[in-house]
Each structure stands twice: as C-alpha cells, then as structure tokens.
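1. the sequence and its predicted three-dimensional model are supplied below.
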Amino acid sequence: LQVSGGKGPYHWSLTGGNLPPGLTLSNTGTISGTPTTNGNYTYTIQATDNTKPTPHQATTTLTTTVT
C-alpha cells in the first residue's frame, strides 16, 4: 500500500472487517500471503503518519475477491 503527504514513517493497521484468510497486513503497509478461502472480503485500512504531537490519519475501505 502507498500513501502520500504527511511525515513518514507511516504505520498501517486493519481497523475494520477482515482480510481474506491467509493474508496479513504488516505495519509497513505490505499485504502478503496466499489467500485460502474464496469469497468477497471488505476491510478498512488506516495509515498513520509520524507528525508530532498529533499524527495524521487516513483510512480507506477495500474489497478483495478471491476465486
């Protein structure tokens, strides 16, 4: 995943829903693994920057279809 603006490094987190089983999200924004179950998966991911004293946050909702 990528983000622009703000101040790095960025921290990524899953804040809603579920990634497809077998996939993981690293705190650096990489989704990796091999999905194991077919279906549609909707999830929300948040990026938090390193601005002090108040970090900026952005979220997006994604859907992944595994067939």
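-> Cool, got the structure.

2. for the residue of the chain positioned farthest from its centre, give me phi and psi.
-> Largest separation from the mean C-alpha position in the chain: P53, at 23.1 Å (Cα atoms, centre = their mean). P53 adopts backbone torsions of phi -90, psi -10, taken as degrees, to the nearest 10.

3. shaky segments in this protein?
-> Residues of the chain meeting the criterion pLDDT under 70: none.

4. grab the most central residue of it for me.
-> Note: the chain centre (Cα atoms, centre = their mean) maps to I45, 3.7 Å.

5. okay, now the sheet partners of the strand or helix carrying that residue, with direction.
-> Assigned by DSSP states H and E, I45 falls within strand 39-48. Next to strand 39-48 in the sheet, as set by DSSP bridges, lie strand 11-17 (antiparallel), strand 57-66 (antiparallel).

6. doesn't Y10 make contact with the residue nearest to the centre of the chain?
-> No - taking contacts as Cβ atoms under 8 Å, I45 lies outside contact range of Y10: 11.2 Å. For every residue, glycine as well, the C-beta is placed using N, CA and C.

7. what number of residues lie near the nearest residue to L23 once chain neighbours are set aside?
-> The shortest distance from L23 to any residue other than its chain neighbours is 4.4 Å, reached at G33 (Cβ to Cβ, 6 or more residues apart in numbering). Around G33 there are 13 other residues, counting by other Cβ atoms under 10 Å.

8. can you start the count at 31 instead of 1 from here on
-> Got it, first residue is 31 now, which makes that one G63.

9. show me what contacts G63?
-> Neighbour list for G63: 52-54 [criterion: Cβ atoms under 8 Å, 6 or more residues apart in numbering].

10. chain neighbours aside, what residue packs nearest to L49?
-> Y73 (5.7 Å).

11. show me what contacts the one you found?
-> Contacts of Y73 (Cβ under 8 Å, 6+ apart): 44, 46-49, 91-94.

12. what's across from it in the sheet?
-> G47, L92.

13. understood, closing this out.
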